[in-house]
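# the following comprises the amino acid sequence and a computationally predicted model.
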Amino acid sequence: MIRRLLPIAALLCVAAADPQPQSPAQLFGPLFDAVQMAQVFPDGKTFVDAVPKEAPAAILAAYRKAKPKSREALKAFVEAHFTLAAQGNGAPAPQQKLGLRAHVQALWPVLSRPALAPERGSSALALPAPYVVPGGRFREIYYWDSYFTMLGLKVDGQQAMIDHMLDDFVSMVQRYGHIPNGTRSYYLSRSQPPFFALMLDLSDARDPAVLRTRLAALRSEYEYWMRGGGCITASQPACEHVVRMADGSLLNRYWDARETPRDESYREDVATAKAAAGRPLTAVYRDLRAGAESGWDYSSRWLADGRTLATVHTTDIVPVDLNSLLLAAERGIAQRCAALADPDCAADFARRAAQRRKAIDTYLWRAAEQRYADYDWRAQQATPVLSAATLFPLFVGAASAEQAAAVAATVRAKLVAPGGLRTTGNRTGQQWDTPNGWAPLQWVAIDGLAAYGHRDLGDEIARRWLTTVDRAYRATGKMLEKYDVEEQVPGGGGEYPLQDGFGWTNGVTSALLNLHHQPGVLEGAEHETRPEEQAAAAP
């Protein structure tokens, strides 16, 4: 019988055996720069996920001796000295014609992976328990993706996998002090939207030892986000992830510990920084990395001119979604401390949550505009971008009834598209702007609206979104990373081709179908492919 929860000793064993690894850029220096800048592989993630066949020092010595210059010579060198990851995810073939729910259930074993002990030199991080990957080029755990994947695992009877993944997250906090963006060495300098507290709510665990271990991990992760409060000064009101506001309250921003191009998007970041006239390269790289930590990579939310990636200034922004999630973490810690008979901890975190909610109302609520907004702490004003992040305070229960009603009216008027919820109202070519819609944002909206009694609007968003997903599935046989909610077709934009699999779309689809029985989106239905869908699916 497989144990659902790993023993604490097993987690500690992995932690002790996995020191902080170097990223491929750090290990392979000049070779790395040459391969990525020559675009030897169309996707920059290909090389950083490759596994070296020899020690890095030996490969670098061979590189200095061979001196490959052309793109073809570099590719031949890499293929001789590295093992490249297999492409694709083996998803069931489109001709199976399963209904959406049945297709998602068939995908769970395809996207599941066993506990991982990486090959020597791999950028992959060790994991003590099984896990689910998003799919496509994303062959590892991603932090915030996993919460939405877990929603589907929950309703599809995969509770054991949820607890396995929680074991993996606890292990990462124990090893690295936080949950990284993804389980690769090149992601360790940043995190992602902190959903860990909400993930814990999806577990049925009752063992006090397990609960204490998870609470300790949650508190450690929270301290990672708040650590910058110790280095704020009178002349510098922001440090690491923390920003001191004008009234002395503390809110948070996205940030990355490194100020170099991202390993997995190295060439793209170098090009963006060169286009940022007059700005220090390190500042641009830090802001690009912080944008990746946000999960919204990239969006007009982070662009100073609202259009151009070279104006990215993510670290200047106090985001409404991040601060809503940290409020949920503070409340979650308070509740768990109370349950484990630690009244001092419970009182401390209840106080922190109350202070954050007040600061959110002060700086992020715009009554005249009927929305929650991101805040530019340097300019000391709200940013002009209306985005689906305005719904996060409803999702975590931070809004008043009046604020929720105002947000619902704004969303109905400006963010509801024919195929679901718009990400923003801005067309920039960035993937986290219109016309794209994303599964996690649909769930946040639907769940948050329902919590405040606006179920009719949430149900309408769910119906439109599920229709979009179903239409694309009938045409392509795939569950996709994102969708165009204006035209109700597969989405586009971003730094890489549209990915299929797809973890968080699968999770949200199963969870919504479990709640909303939608005409025309019937689980288990056999679909007749329409002529226009056959044309859309043709290569």
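Now that the structure is in, tell me what you want to look at. Numbers count the residues shown, from 1 in each chain.
# tell me how far the residue sitting furthest away from the middle of the chain lies from Gln26.
Distance from the C-alpha centroid of the chain peaks at Lys65, with 40.9 Å (Cα atoms, centre = their mean). Going from Lys65 to Gln26 by Cβ to Cβ, to the nearest Å gives 22 Å. Every residue, glycine included, has its C-beta placed from N, CA and C.
# how distant is stretch 421-441 from the center of its chain?
Stretch 421-441 sits 15 Å away from the centroid of its parent chain (Cα atoms, centre = their mean, to the nearest Å).
# quote the end-to-end distance of it.
With Cα to Cα, to the nearest Å as the measure, the first residue of stretch 421-441 is 8 Å from its last.
# what about the nearest residue to Lys482 once chain neighbours are set aside, how many neighbours?
Counting by Cβ to Cβ, 6 or more residues apart in numbering, the nearest residue to Lys482 once its immediate chain neighbours are dropped is Gly491, at 3.6 Å. Burial of Gly491 is recorded as 21 neighbouring residues (other Cβ atoms under 10 Å).
# tell me, what's the model's pLDDT at Gly491?
Predicted confidence (pLDDT) for Gly491: 96.
# show me where pLDDT drops low in this structure?
Filtered on pLDDT under 70, the chain yields the residue ranges 1-19, 88-96, 517-539.
# tell me how far the closest residue to Glu223 other than its chain neighbours lies from Trp438.
Counting by Cβ to Cβ, 6+ apart, Glu223 lies nearest to Gly177, which is 7.9 Å off, once chain neighbours are set aside. Distance, Gly177 to Trp438, by Cβ to Cβ: 28 Å.
# higher neighbour count, those two?
Shown here are Gly177 and Trp438; by other Cβ under 10 Å, Trp438 has more neighbours (27 against 16).
# wait, doesn't that one sit right on Lys482?
Yes. The pair Trp438 / Lys482 is scored as a contact, 5.3 Å apart, by Cβ atoms under 8 Å.
# doesn't Val243 fall inside a helix?
No. Going by DSSP: H, G, I helix; E, B strand; the rest coil, the assignment for Val243 is strand, not a helix.
# sorry, back to before: secondary structure element for the residue farthest from the centre of the chain?
helix 56-66 (DSSP states H and E).
# so which elements touch the helix or strand just after that helix?
As assigned by DSSP H and E, the chain's next helix or strand after helix 56-66 is helix 71-81. Packed against helix 71-81 by the contact rule (3 or more Cβ pairs under 8 Å, 6 or more residues apart in numbering; DSSP states H and E) you find helix 24-37, helix 56-66.
# again, only using 10 Å
Contacts defined by 3 or more Cβ pairs under 10 Å, 6 or more residues apart in numbering; DSSP states H and E place helix 71-81 against helix 24-37, helix 45-48, helix 56-66.
# which strands or helices does the longest one pack on?
Helices and strands in packing contact with helix 24-37 are listed as helix 45-48, strand 51-52, helix 56-66, helix 71-81, strand 82-83, helix 266-275; criterion 3+ Cβ pairs under 10 Å, 6+ apart.
# now do 6 Å
Under the contact definition 3 or more Cβ pairs under 6 Å, 6 or more residues apart in numbering; DSSP states H and E, helix 24-37 sits against helix 266-275.
# pull up the gap between the residue nearest to Lys482 and Thr390, please.
Gly491 is 21 Å from Thr390, by Cβ to Cβ.
# before we move on, back to that, check the helices and strands packed on helix 71-81 for me and report the most buried one.
helix 45-48 (a mean of 23; mean count of other Cβ atoms under 10 Å).
# tell me where the stretch 351-500 of the chain has helices.
For the stretch 351-500 of the chain, applying DSSP state H, counting those that start in this stretch gives helices covering 392-395, 401-414, 439-451, 455-476.
# as CSV, the ones you listed with mean neighbour count and distance to Gln380 would be great.
Converted to CSV, these look like this (neighbours: other Cβ atoms under 10 Å; distance: least, Cβ to Cβ, whole Å):
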stretch, mean neighbour count, distance to Gln380
helix 392-395, 26, 21
helix 401-414, 17, 22
helix 439-451, 25, 27
helix 455-476, 21, 33
